[in-house]
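> The following comprises the amino acid sequence and a computationally predicted model.
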Amino acid sequence: MIEFQNVHKTYRVAGKDIPALHPTSLTIENGQVFGLIGHSGAGKSTLLRLINRLEDSSGGKIIVDGEEVTALDANGLRRFRQQVGMIFQHFNLLASKTVADNVALPLTLAGELSGSDIDKRVAELLARVGLSDHAKKYPAQLSGGQKQRVGIARALATKPKILLCDEATSALDPQTTASVLQLLAEINRELKLTIVLITHEMDVIRRVCDQVAVMDAGVIVEQGSVADVFLHPQHPTTKRFVQESEQIDESEQRDDFAHVPGRIVRLTFQGEATYAPLLGTVARETGVDYSILAGRIDRIKDIPYGQLTLAVTGGDMEAAFARFTAADVYMEVLR
Amino acid sequence: MEMFDAAIKQYDAAIEAIKLFFQNIDWLEIGLATNDTLLMLGGSLLFTVLLGLPLGVLLFLCSPRQLLENRVLYAILSVMVNILRSLPFIILLIVMIPFTVLITGTSLGVAGAIPPLVVGATPFFARLVETALREVDRGIIEATQSMGATTRQIIINALLPEARPGIFAAITVTAITLVSYTAMAGVVGAGGLGDLAIRFGYQRFQTDVMIVTVVLLLILVQVLQMVGDRLVVHFSRK
C-alpha cells in the first residue's frame, strides 16, 4: 500500500516558491493499477517521482507497506528503490549497452546475483516481454515499442513490488500503445504488481487502470474507480478529458439536438446490462418511440459499458423512465 | 639506345638535385626527434587523461543542477581551470621549470617537457570531458538513480559508458593539441620534431629540415585524427 499523508512539494525558482503539489493525501492499494491523469504541469509527474524520491517532498509523509519512505537514509533509499521499478516516456535506455546488458543493469548494480544467475534472469525477462531474439542488439536498432518493452524488462529485473510508469506510452503510436498497455495489464495480473502510471490520455486510463485520480494545478480534483470517474465525471477538468477521448463537444451536441422533438436522456450501461435488450423491451411495453442520437459501446479495462443518448417521444414516458431507472442502468435526463 | 642513356642521365640528374636539396637532412637525427615527439605525446597524453578525466567528472558533478551540485567547489575548480587555460603555453613552460625539476629531477628533454604539457592540456581536456558528460541525457541518470545506484555506480555504469564517444573525441582533440605543444617545448630544450624545425629549419634557414619535420608532424596529426574518428564511430551506437 502506498500512502501519501499531507505531502506537498514546492520548487524554488528565481527566489520564488512555486507550488507543484499542494498538500495531498492519497492511498494506493496493493495490486492496483492506479492512474494519474492531468495536463502537463498539473503535478502528476512530481507526485510520481515523490514515491521513489527522485524528487524530495517539501513536507508530509509517504509510507509504502509500512515503511516511511520520506524518512529513509541514503542506504535505505537505495534498497527501497530496488523494490520499485520505473519506466519512462523516452525509455532512457543506455545507448552504449546491448538490450541484454540494459536489462541486466539493475541486477549488476544490486550486486546480489552471480553472473550466470543474472544471465538466466535476463533471458527470462526478455522472454516475458517477447524480445528474446533481440538480446544482442543495441537500443538504436529497435522500434519505440520494442524499446519500451526493454524498459519494462529492465524495470522488472529486481522483482519489484511497485512499477512506476512516467508517460510510458506517450511517445508511441496507437497500436504500439495498445500492445504496451496490454503487457502492463498482463504483468499486473500475473505478478500482482502495483502499477502507478501517469498519462494525459483518458484512453490509457480506460484500458488498464482500476483507480484514477485527476490532477489539476497541483491538486487531485477527482478520484475514484475508473468506471465511476469515466462514465460520470464531476469536475470540469475530468469532463474535458473524457470529452477529448470520446471526441464529443457537449455544447456542439446541445445545438445539434435543439431541433429534435421529445425528451433527451442519456443511459449508461455497465457489465452484463450492456448486452441486455432493454431499449426494445421498454419501448414495446410503454409505447414510447426512441431514436439514438449518440452512443458508444466499449470496454473499461475488462468491463463492457455502453452510453447512449436517446430522444424519447410518445407513449408513457414516465413509465419508460421508471423502467430504465429500475433496470441496472444509470439514467440522466438532459432535456 | 641513345634515348635510353639520355633518360638515365636525366634520372640521375633528378636524383642529384633531390639529394642536393635534402643535403642537410640527418635521418638519424630526424628519427631521434620523431621518437622524442612520440614519447612526449604518449607520456603527456597518458597523464592528461589520468588527471583530466576525474577532474572533468568532478566539474560535471558539482556544476549547477547535477548530482553533487556544489556552487563553491565548482566556482573554485572553474577559476583554476580558466586560469591555466588562459596562460599561453610558452609562459607555462617557463613558469613550470622549478616544479618540473622538483618532480622529474630535470627541466630538459622528454622528462622535462611532460609536466608542463600535462599541466597545459589537463584543464583543456577536463572541460571537454565536462561537455561530453553534459551531452548524456538526464533521463539516463534518472533511470539509473531509480534502480538504486550510488553516485559512483551512476558514473561508472552509466555516465562514462554513455559519454564514451564524446570522451574519445576529446582525447583526439587533446592529442592533436599536445602535438603542437610539443613543438613549443623545444624552447626549454625538450627535443622533438618541433625543436628540430625551429633550430635547423627556421634559425639556420635549412628549408629541407623544415619540410621534412612539418610533413612528419602532419602525418602524425592525420593518423591521430583517423584513429580517433574510428574509435568515436565504433563506440557510437546511435
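That came through, no problem. Numbers count the residues shown, from 1 in each chain, chains lettered A, B, ... in the order given.
> any idea of the mean pLDDT for stretch B:180-192?
The predicted model assigns stretch B:180-192 a mean pLDDT of 81.
> So which residues make contact with that stretch?
By Cβ atoms under 8 Å, 6 or more residues apart in numbering or on different chains, the residues outside stretch B:180-192 that reach it are B:32-33, B:36-37, B:40-41, B:44, B:89-90, B:93-94, B:97, B:107-110, B:112-113, B:116-117, B:120-121, B:193-199, B:217. From N, CA and C alone the C-beta is placed, and that goes for glycine too.
> Tell me the buried residues within those residues.
The neighbour-count test (16 or more other Cβ atoms under 10 Å in any protein chain shown) marks B:33, B:36-37, B:40-41, B:44, B:89, B:93, B:107, B:109-110, B:112-113, B:116-117, B:120-121, B:193-198, B:217 as buried among these.
> so A:Val122 makes contact with A:Ala104?
Yes. In this structure A:Val122 lies within contact range of A:Ala104 using Cβ atoms under 8 Å: 5.0 Å.
> list the residues that contact both of the two?
Jointly contacting A:Val122 and A:Ala104 under the rule Cβ under 8 Å, 6+ apart are A:Ala157.
> quick one, longest helix in the chain?
By default, I'm working from chain A. Determined from DSSP state H, the single longest helix within chain A is helix A:174-191.
> Please refer instead to chain B.
Secondary structure of chain B per DSSP H: the longest helix is helix B:27-62.
> element containing A:Leu163?
Following DSSP states H and E, one finds A:Leu163 within strand A:162-166.
> tell me the mean pLDDT for that strand?
Across strand A:162-166, pLDDT averages out at 96.
> and what of stretch A:5-17?
On average, stretch A:5-17 scores 90.
> Any buried residues in it, and which?
Neighbour counts over stretch A:5-17 (16+ other Cβ under 10 Å) mark A:Gln5, A:Val7, A:His8, A:Lys9, A:Thr10 as buried.
> for the residues you listed, which one is nearest B:Leu61?
A:Lys9 (24.3 Å; Cβ to Cβ).
> Could you measure from the nearest residue to A:Ile28 once chain neighbours are set aside over to A:Asp166?
Spatial nearest neighbour of A:Ile28, chain neighbours left out: A:Ile2 (4.1 Å); criterion: Cβ to Cβ, 6 or more residues apart in numbering or on different chains. Applying Cβ to Cβ, to the nearest Å, the value for A:Ile2 to A:Asp166 is 16 Å.
> Ok, A:Leu183 next?
A:Leu183 is 16 Å from A:Asp166, by Cβ to Cβ.
> Same check on B:Ala175?
Taking Cβ to Cβ, one finds B:Ala175 at 41 Å from A:Asp166.
> and what of B:Thr34?
In terms of Cβ to Cβ, B:Thr34 sits 56 Å off from A:Asp166.
> all helices of chain B, in order?
Counting by DSSP H, one finds helices in chain B at the ranges B:2-21, B:27-62, B:71-86, B:89-95, B:97-104, B:109-134, B:138-146, B:151-153, B:160-184, B:193-196, B:207-235.
> Out of those helices, which is the most enclosed?
Ranked by mean neighbour count, the helices of chain B are led by helix B:193-196 with a mean of 26 (mean count of other Cβ atoms under 10 Å in any protein chain shown).
> Give me the residues contacting it.
Helix B:193-196 has contacts (Cβ under 8 Å, 6+ apart) with B:29-30, B:33-34, B:36-37, B:180, B:182-186, B:189, B:209, B:213, B:216-217.
> related to what we said a few turns ago, higher neighbour count, A:Leu183 and A:Asp166?
Using other Cβ atoms under 10 Å in any protein chain shown as the criterion, A:Leu183 and A:Asp166 rank with A:Asp166 on top: 24 against 19.
> Any idea what that one is bridged to?
Beta bridges link A:Asp166 to A:Phe88, A:Ile198 when assigned by DSSP bridges.
> ok, residue 43 - contacts?
Using chain A. Applying Cβ under 8 Å, 6+ apart, we find A:Gly43 in contact with A:Lys9, A:Ala20, A:Leu21, A:His22, A:Met215, A:Ala217, A:Gly218, A:Val219.
> Correction: the question concerned chain B.
Per Cβ under 8 Å, 6+ apart, neighbours of B:Gly43: B:Val110, B:Ile114, B:Leu117.
> from those, which single one is nearest chain A?
Checking the contacts of B:Gly43 against chain A with Cβ to the nearest Cβ, the nearest one is B:Leu117 at 30.3 Å.
> Can you give me the distance of B:Thr34 to chain A?
36 Å (Cβ to the nearest Cβ, to the nearest Å).
> now B:Glu162
5 Å.
> Surely that residue and B:Arg134 touch.
No. B:Glu162 lies out of contact with B:Arg134 (Cβ under 8 Å); the separation is 11.4 Å.
> Name the residues contacting each of the two.
In contact with both B:Glu162 and B:Arg134: no residue, using Cβ under 8 Å, 6+ apart.
> Enumerate the residues of the stretch 151-300 of chain A near chain B.
With Cβ under 8 Å from any Cβ of the partner chain as the criterion, the stretch 151-300 of chain A meets chain B at residues A:Thr158, A:Leu164.
> can you rerun that using 10 Å?
When proximity is defined by Cβ under 10 Å from any Cβ of the partner chain, the stretch 151-300 of chain A lies next to chain B at A:Gly151, A:Arg154, A:Ala155, A:Ala157, A:Thr158, A:Pro160, A:Leu164, A:Asp166.
> Nothing else from me, thank you.
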